[in-house]
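Asks: Below: sequence and its predicted model.
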Amino acid sequence: MNPYFEVILRTCAVYIFIVLAIRLFGKKELSQLSVTDLVFIMLISNSVQNAMVGSNVSLLGGIIAAGALFILNSLLKLLSYRSKAISKFLQGEPVMLIHDGNIIDENLWKEKITIRELEAAAREHGVADLKQVNLAVLETDGSISILTDNYKQRTNRKRKSSKTLPKSTS
């Protein structure tokens, strides 16, 4: 087998393994990297380097491995864009954490989110009490979106004021 083709196959296998491992690892972790998570990612990349290039540690071998990663990443993004099922598998779906001030404990447990983390997310959005939250959602990128009555009222006011703007005469 061509040694450069072997580098491409090894790189693709490692890439797919890492994507699946991160997917199983949990989306919450992606947006909230701790020092240990960062060290973990750095060590993972170092540990799989030899698995990708094998004995070919030449400059060309490294460039081919990097090129294969770029191509495979672009291909997965394209497939995710074109297929809802693939997108759902790779990115997951948003998960509701609070609805009308009621915490959904089973979703917190499933996503491994503590009440303290949820309270911190609410404070980041300027909300002091979780009972004020109409909707809290763990997004697919790992961030937590918080919506309250104040948000709805502010949005409605903006919509009303935009309707009263004079129309363009051009």
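Replies: Noted; the coordinates are in hand.
Asks: Could you look up the SS state of the residue nearest the centre of the chain?
Replies: Central residue of the chain (Cα atoms, centre = their mean): Asp141, 2.5 Å from the mean position. Assigned with DSSP: H, G, I helix; E, B strand; the rest coil, Asp141 falls in the coil class.
Asks: Can you report phi and psi for it?
Replies: Asp141 adopts backbone torsions of phi -90, psi 0, taken as degrees, to the nearest 10.
Asks: What distance do you get for it to Tyr81?
Replies: 16 Å (Cβ to Cβ, to the nearest Å). The C-beta positions use only the backbone N, C-alpha and C, and glycine is treated the same way.
Asks: likewise Gly101?
Replies: In terms of Cβ to Cβ, Gly101 sits 36 Å off from Tyr81.
Asks: The two - which one has more neighbours?
Replies: Gly101 (14 against 10; other Cβ atoms under 10 Å).
Asks: What does the more buried one show for phi and psi?
Replies: phi 80, psi 0.
Asks: Distance of it relative to Ser145?
Replies: Taking Cβ to Cβ, one finds Gly101 at 16 Å from Ser145.
Asks: What of Lys77?
Replies: 23 Å.
Asks: now do Ala66
Replies: Ala66 is 35 Å from Ser145, by Cβ to Cβ.
Asks: now could you export just the CA positions of the helix or strand where Leu75 lies as PDB?
Replies: Taking DSSP states H and E as the criterion, Leu75 maps to helix 59-82. Provided in PDB are the C-alpha atoms of helix 59-82 (Å, rounded to 0.1, in the frame of the first residue of the first chain):
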ATOM      1  CA  LEU A  59       7.100  16.900   6.500                       C
ATOM      2  CA  LEU A  60       5.100  15.600   3.600                       C
ATOM      3  CA  GLY A  61       3.500  12.900   5.800                       C
ATOM      4  CA  GLY A  62       2.400  15.700   8.300                       C
ATOM      5  CA  ILE A  63       1.100  17.900   5.500                       C
ATOM      6  CA  ILE A  64      -0.900  14.900   4.100                       C
ATOM      7  CA  ALA A  65      -2.300  14.100   7.500                       C
ATOM      8  CA  ALA A  66      -3.300  17.800   8.100                       C
ATOM      9  CA  GLY A  67      -4.800  17.900   4.600                       C
ATOM     10  CA  ALA A  68      -6.800  14.800   5.200                       C
ATOM     11  CA  LEU A  69      -8.100  16.300   8.400                       C
ATOM     12  CA  PHE A  70      -9.200  19.500   6.600                       C
ATOM     13  CA  ILE A  71     -10.900  17.500   3.900                       C
ATOM     14  CA  LEU A  72     -12.700  15.200   6.300                       C
ATOM     15  CA  ASN A  73     -13.800  18.000   8.500                       C
ATOM     16  CA  SER A  74     -15.200  19.900   5.500                       C
ATOM     17  CA  LEU A  75     -16.900  16.700   4.300                       C
ATOM     18  CA  LEU A  76     -18.600  16.100   7.700                       C
ATOM     19  CA  LYS A  77     -19.700  19.800   7.800                       C
ATOM     20  CA  LEU A  78     -21.200  19.400   4.400                       C
ATOM     21  CA  LEU A  79     -23.000  16.100   5.300                       C
ATOM     22  CA  SER A  80     -24.300  17.800   8.500                       C
ATOM     23  CA  TYR A  81     -25.600  20.700   6.400                       C
ATOM     24  CA  ARG A  82     -27.400  18.400   4.000                       C
END
